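Novice: Take this sequence and fold it.
(chains A and B)
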There are 2 protein chains.
Amino acid sequence: MAQLRIALAQTDPAVGDLAANTGKLVEWTRRAADRGAHLVVFTEMFLTGYPVEDLVLRNSFVEASIAAVDAAARRLAEEGLGEIAVVVGYVDRADLAPRVGQPKGSPLNAVALLHRGRVVTRTAKHHLPNYGVFDEYRYFVRGDRLPIFRLHGVDVAIAVCEDLWQDGGPVAVAGRAGAGLLVVPNASPYERGKDDARLELVARRAREAGCALAYANQVGGQDELVFDGDSLIVSASGELLARASQFTEELLVADLDLPEGAGRLGARDEVDAGDGTLITAERLELSSCPLEPYEPEPATIAPHLDDVAEVYAALVLGVRDYVAKNGFGSVILGLSGGIDSALTATIASDAIGPERVHVVLMPSRYSSDHSLSDAQELVARQGVNARTVPIGGMVDAFEKELALTGLAAENLQARVRGMILMSLSNEHGHLVLTTGNKSELATGYSTLYGDSAGGFAPIKDVLKTLVWELARWRNAQAGVANHFLHGFAVPPIPENSITKEPSAELRPGQRDTDSLPEYDVLDRLLDDYVEKDMGSASLVAAGHDPELVARVIRLVDVAEYKRRQYPPGPKITPKNFGRDRRLPITNRWREAAPDTR
Amino acid sequence: MAQLRIALAQTDPAVGDLAANTGKLVEWTRRAADRGAHLVVFTEMFLTGYPVEDLVLRNSFVEASIAAVDAAARRLAEEGLGEIAVVVGYVDRADLAPRVGQPKGSPLNAVALLHRGRVVTRTAKHHLPNYGVFDEYRYFVRGDRLPIFRLHGVDVAIAVCEDLWQDGGPVAVAGRAGAGLLVVPNASPYERGKDDARLELVARRAREAGCALAYANQVGGQDELVFDGDSLIVSASGELLARASQFTEELLVADLDLPEGAGRLGARDEVDAGDGTLITAERLELSSCPLEPYEPEPATIAPHLDDVAEVYAALVLGVRDYVAKNGFGSVILGLSGGIDSALTATIASDAIGPERVHVVLMPSRYSSDHSLSDAQELVARQGVNARTVPIGGMVDAFEKELALTGLAAENLQARVRGMILMSLSNEHGHLVLTTGNKSELATGYSTLYGDSAGGFAPIKDVLKTLVWELARWRNAQAGVANHFLHGFAVPPIPENSITKEPSAELRPGQRDTDSLPEYDVLDRLLDDYVEKDMGSASLVAAGHDPELVARVIRLVDVAEYKRRQYPPGPKITPKNFGRDRRLPITNRWREAAPDTR
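Specialist: As a prediction, the model looks like this:
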């Protein structure tokens, strides 16, 4: 057996900022070297950030990425970090003839091995995901290589992210090649309720390949995606050896005891990958002799967060990174006294600190007394910046010129509030947070350019029942301070905001249940219709009320246009309305009344 | 040789409305039968409409499509139309085991042959496009069959759309099978300046396959896409035999003289498709004997529109179909006296008639005299519905509560106007049209929730210099009435709106050139940067001013968020900002200052 100290750099790259990411590569490699690591694995497309979407179709961007990885190898050596082996993701290109339907310039979702000032080898993702938020057939061509490099006597193979999730391909070849360790850079976003699918998968693939497996995952918010980290190392038998924390940057270091390389394949062999393709396995030697035996350090296995804590952490990180990465110093939102804006304000306080959160109380003639007092109570508990702007005068000025009734008059109030927030944002540079939840968004229970106006929507993927659950959970954490809780000594959300009946307060005595069913009923139906894609017959068979099924499906189907205008927000489910649910706006399909029967 | 009368149904389906599309299938088949046709070819996915996007991932939708095609076959026979062979696109599914990365349920972009009450055979698109607006790897699995049916002695093969654009696959197999005619249902969107690429391609493929080729294309607006029709029939030598008009529904009928089927392949042969795949060629017989000779009718070859006329027609059709397909009866827009809103109003009048167009004049303290008079002049020339709502009182009401300066104060005026339009839309049910052009949109020269608020953006893909060109062209058509010109006797756009210097009039003496370069300089640069994806070095090498390159690239790169909030509008270029240009919002890549040098 041979020892190896491996470090996984679970980090938060900046999309498009090759210089900053290169700086981080050097900094974290130094930290790994300081910890005595022999190998450090960065995440998928770390140098470019992930996902870069259509940037990859620009030649100048791909050229810059290729130049950056070469420059990074030289710089590491110049800074005395040439001896540690570095595995890092970037964008490269394949030398393929142009072909219709193939992305321009044939970009590769590539990984490089850097050592002693050189890019020693390059490989690329073999299995390209193209479902949910992934569009990789649009952006990349398939890699068809598997590098296996001998480091201190151990044969280390490299695969990329999705290559783990599918049968055949690089993982199968790594097994046949007798690799001692498989390292896998990933950019795998958080999704709620996967249980521990990632650990199960990694353990299964390790057993299949018969080698230890190190899974390095990106962390951080990028537009709607939140990457949760949760990097893992398992043994060849699938035993969990080390695990990084979720939703925070971490250098995960572990000492591994691995078999010495046996060299089952030649220097360059074409291998049937078991998925209908051939993969070229390529052997390289960095250092052939095992290290002198040394005392291993104990590895850490971070505990896994529970379901609600995970969601809350994802929302906080999503907001924090969107604010920071877009160069904002502060946020602003309307505080109504209701639960949605109370939770949004609290997430914002946890994300960037209450001193950078600005709230505006905008009472109208229909606001109840408790609206103002509940909002003021939150301001007092959290110490956020607050001002009050009554909207009466502005609403009157519009109504003087335009005769508005019903919904048009209700929307007017929401739009005046949206304009106040946008005006203050333009004047003072705050990012406007919208406060709408997923139940409202799904059913169209919101005003275009009113409550949906803003730059980021923290709870856009959170159903109303989960809004309450998160609020109660957050209040129960009073006194706790960590990387996603600010440490309020008292429960930050007024109890009355949680317990009172929801109302938009746009007309006298209005209640949400005037327009919508009870939220526990609605949310169960939305989950089955939106997340599970069940048709009307299946929904009724599953016990939902037939009339409600027809009504809610109609609401959801016709609200498509409004949802497209909604700002981005952290995604926690498979069917966040956004890039992972794409429907025509002009569309007459109605589940509720199949047209052919 | 054997005669055959073929009809191409160049039609405008409704996405998701299987019942309406089936009704149209029957109606147009009857028209074809009344014209004596023996074969009628509908467009790609005609029964479901195209594109249906994520609808195809719903089982209930795919099941309904399959049921619809069977029902359509029966209904055609019941209505006495069983003898005419009908080729029509729909959605089917392949019997494949589920696999990660493969669309759920394995949908097929399918085509059925209907005859005598039955679905005689089914096939599916082989080459799936996944670039620009196309996402077909997300939605479909590949077809691997080529049906060849003998109809009145002629062997007719079926391929689908993209199968024509790529080498190898069904077209190659059709050639080897000795087909006499290849029919191809398409849904191919309009794109400016393709010259006559489609005719050239169709002629080339006909020569390659050695058989006549009939290309039936969809027509009509669907969200941002405009399908232009332009259906074609060419001989085996590539000679153009018949051509339908652009941008309008048409049944194109032609008598063809075709070789009698020779039957070079067996009933079911696996053929190397020349693209690395095998295709199963399947022979069917509907009727083996050639028809008694008859007198052919002369075919029509519609003239091709010139460049500017094509663009104008695309915009008119895009607006008309968006209004109609979304169930609106009328539109509303702000009329400033400037060229953008003047052109938008004119397109709307041509699309749905001036009696259904409502304009609002919204003067402020900064509006010049000519703004109001030019707007009034347009109202007089076109007879659209007009009202005037001065915005002073509303602006004052906001400024009383909020101290706004600079851009925040300018945006306020634009937002008050947006709110007035949205309020009138909510009160009276008009669709709000925005009037921003592509030069503004690209550079972020617009107000979020202000002038960009609305439901549809007719000129969102039209650069400012083209706005002027279209306006002059439209005025030159005064007196012409056809399917995309209303027939105004006088030039509908006031000359002064075309010739005066552009200004947003949001502060005293403001001119567009205070913030932007001259539009002819800007538009050339935008075309090179946005459409051609040229990097900063190439832009400078191409003769653009280096400082301007840096400045404009920065404007374009940071305006991404605003562009995402823009409503859909007819697409006329490859890089309309929308589904065919997808960039991260949070993104630090700057072409102007490559980060690695």
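Novice: just the strands in the stretch 401-550 of chain A please.
Specialist: Per DSSP state E, counting those that start in this stretch, the stretch 401-550 of chain A carries strands over the ranges A:431-432, A:481-482, A:485-486.
Novice: Pick the most buried one from the ones you listed.
Specialist: Most buried of these by mean neighbour count (mean count of other C-beta atoms under 10 Å in any protein chain shown) is strand A:431-432; its value is a mean of 24. Where you see a C-beta, it was placed from the backbone N, CA and C, and this is true even at glycine.
Novice: shaky segments in the stretch 251-400 of chain A?
Specialist: A:263 (pLDDT under 70).
Novice: residue boundaries of the strands in it?
Specialist: Going by DSSP E, counting those that start in this stretch, the stretch 251-400 of chain A shows strands at A:268-272, A:278-285, A:331-334, A:357-361, A:385-388.
Novice: CSV please, covering the ones you listed and showing distance to residue B:313 and mean neighbour count.
Specialist: Listed next are the strands of the stretch 251-400 of chain A as CSV, based on distance: least, C-beta to C-beta, whole Å; neighbours: other C-beta atoms under 10 Å in any protein chain shown:
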stretch, distance to residue B:313, mean neighbour count
strand A:268-272, 54, 14
strand A:278-285, 50, 18
strand A:331-334, 45, 26
strand A:357-361, 48, 24
strand A:385-388, 52, 15
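Novice: closest to chain B out of the strands of the stretch 401-550 of chain A?
Specialist: Closest to chain B of those is strand A:431-432 (C-beta to the nearest C-beta; 9.8 Å).
Novice: Is chain B within reach of that closest one?
Specialist: No - Strand A:431-432 does not reach chain B (C-beta under 8 Å from any C-beta of the partner chain); its nearest approach is 9.8 Å.
Novice: about what we covered before: nearest to residue A:296 among the strands of the stretch 401-550 of chain A would be which one?
Specialist: strand A:481-482 (28.7 Å; C-beta to C-beta).
Novice: Show me what that closest one pairs with in its sheet, parallel or antiparallel.
Specialist: Here strand A:481-482 is paired, per DSSP bridges, with strand A:485-486 (antiparallel).
Novice: Show me which residues of the stretch 351-500 of chain A are close to chain B?
Specialist: A:389-390, A:393-394, A:396-398, A:400-405, A:407-408, A:411-412, A:415-416, A:418-420, A:422-424, A:426-427, A:448-449, A:453, A:455.
Novice: Filter the residues you listed down to the ones in helices?
Specialist: Residues of these located in helices (DSSP state H): A:393-394, A:396-398, A:400-401, A:407-408, A:411-412, A:415-416, A:418-420, A:422-424, A:426-427.
Novice: need the contact list for residue A:385.
Specialist: By C-beta atoms under 8 Å, 6 or more residues apart in numbering or on different chains, the residues touching residue A:385 are A:355, A:357, A:358, A:359.
Novice: who does the second one bridge with?
Specialist: Beta-bridge partners of residue A:357, counted by DSSP bridges, are residue A:331.
Novice: That one and residue B:403, how far apart?
Specialist: 21 Å (C-beta to C-beta, to the nearest Å).
Novice: how many other residues sit next to residue A:563?
Specialist: Residues contacting residue A:563 under the criterion other C-beta atoms under 10 Å in any protein chain shown number 21.
Novice: you'd agree it is up against residue A:441?
Specialist: Yes - using C-beta atoms under 8 Å, residue A:563 is in contact with residue A:441, at 5.9 Å.
Novice: list residues touching both of these two?
Specialist: Joint contacts of residue A:563 and residue A:441 (C-beta under 8 Å, 6+ apart) are residue A:577.
Novice: For residue A:219, grab phi and psi.
Specialist: phi -130, psi 150 (degrees, to the nearest 10).
Novice: Identify the residues contacting residue A:342.
Specialist: Taking C-beta under 8 Å, 6+ apart, we find residue A:342 in contact with A:335, A:374, A:375, A:378, A:471, A:493, A:494, A:497, A:498.
Novice: hmm, 6 Å instead?
Specialist: Counting by C-beta atoms under 6 Å, 6 or more residues apart in numbering or on different chains, residue A:342 makes contact with A:378, A:493, A:497.
Novice: before we move on, what about residue A:13?
Specialist: Going by C-beta under 6 Å, 6+ apart, the list of residues near residue A:13 reads A:21, A:46, A:49.
Novice: Any residues of the stretch 101-250 of chain A in contact with chain B? List them.
Specialist: Contact residues, the stretch 101-250 of chain A versus chain B (C-beta under 6 Å from any C-beta of the partner chain): A:101, A:129, A:130, A:137, A:138, A:165, A:166, A:222, A:223.
Novice: SS state for the fourth one?
Specialist: Spelled out, that is residue A:137. Classification of residue A:137 using DSSP: H, G, I helix; E, B strand; the rest coil returns helix.
Novice: what sits against the residue nearest to it when sequence neighbours are not counted?
Specialist: Nearest non-adjacent residue to residue A:137, counting by C-beta to C-beta, 6 or more residues apart in numbering or on different chains: residue B:137, 4.0 Å away. Contact partners of residue B:137, counting by C-beta under 6 Å, 6+ apart, are A:130, A:137, B:128, B:130.
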